[in-house]
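Q: Structural data only, the sequence is not supplied:
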């Protein structure tokens, strides 16, 4: 995100840095900043959620997946590891790449033209060997987020329909996309609310003190807009 330049300064002037905006108001302000930082491409709108957890402890890891009601504005390219009839199901559901050991070999040789990886449980022996390649990119299939499953058709359709995965990073911050800058403020807010509601429900029992410490939303080229955490916390009291 650029911190200088006329466009950015004009957009930053629209945001009261000392204010915590309501969700609805925050996305209206974000849309105003988008108008001032227009680009030839449709910018991604991201959320950063600062949580009072220490992900180094397994029992404080916050991780999940959710289907955004209005999608992400991008159609994911989906790779599926399966065999037999499950390969056919994945293809029929719209998977872009399907395979077994042949697909693993292709990935080992550098093929990475996909955004999501789904696998049936019986293929995890093959997929497990790709941990060093897929793990750092956040692409390793995981039963907790529904990407290790026998229902490959459902998983493919969800991935294509706007499902996003998220996890708390080292500092306890969750970064996730909630749409594109071309979306209306209302659609962005609805996507955001579905994500934040799940993050709140995933609060670890071992997390002490304040769980939701801060939330900010921003477009690719725009300044951060801080959201009022009290409004969100009030929904979960």
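A: Good, I have the coordinates. Just so it is clear, the model here is predicted, and its values are computed rather than measured.
Q: Spit out the contact partners of the residue lying closest to residue 147 once chain neighbours are set aside.
A: Spatial nearest neighbour of residue 147, excluding adjacent residues (Cβ to Cβ, 6 or more residues apart in numbering): residue 141 at 4.1 Å. Glycine gets a C-beta too; all of them are placed from N, C-alpha and C. Counting by Cβ atoms under 8 Å, 6 or more residues apart in numbering, residue 141 touches 81, 117, 118, 119, 124, 127, 147, 148.
Q: Give me the helices and strands touching the helix or strand containing residue 192, please.
A: In the assignment (DSSP states H and E), residue 192 maps to helix 185-201. Applying 3 or more Cβ pairs under 8 Å, 6 or more residues apart in numbering; DSSP states H and E, we find helix 185-201 packed against helix 23-36, strand 44-51, strand 63-67, strand 163-167, strand 173-180, strand 212-219.
Q: Bridged to the residue positioned nearest the centre of the chain, which residues?
A: Centroid check for the chain by Cα atoms, centre = their mean gives residue 176 as the closest residue, at 3.6 Å. Here residue 176 sits in beta bridges with residue 47, going by DSSP bridges.
Q: From residue 206, how far off is it?
A: 23 Å (Cβ to Cβ, to the nearest Å).
Q: repeat for residue 41
A: From residue 41 to residue 206 the distance is 42 Å (Cβ to Cβ).
Q: before we move on, the earlier item: including distance to residue 234, could the helices and strands packed on helix 185-201 go into JSON lines?
A: Formatted as JSON lines, the helices and strands packed on helix 185-201 follow (distance: least, Cβ to Cβ, whole Å):
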{"stretch": "helix 23-36", "distance to residue 234": "12"}
{"stretch": "strand 44-51", "distance to residue 234": "17"}
{"stretch": "strand 63-67", "distance to residue 234": "21"}
{"stretch": "strand 163-167", "distance to residue 234": "22"}
{"stretch": "strand 173-180", "distance to residue 234": "20"}
{"stretch": "strand 212-219", "distance to residue 234": "11"}
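Q: could the ones you listed go into TSV alongside mean pLDDT?
A: Listed next are the helices and strands packed on helix 185-201 as TSV, based on pLDDT from 0 to 100:
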stretch	mean pLDDT
helix 23-36	95
strand 44-51	97
strand 63-67	92
strand 163-167	91
strand 173-180	96
strand 212-219	97
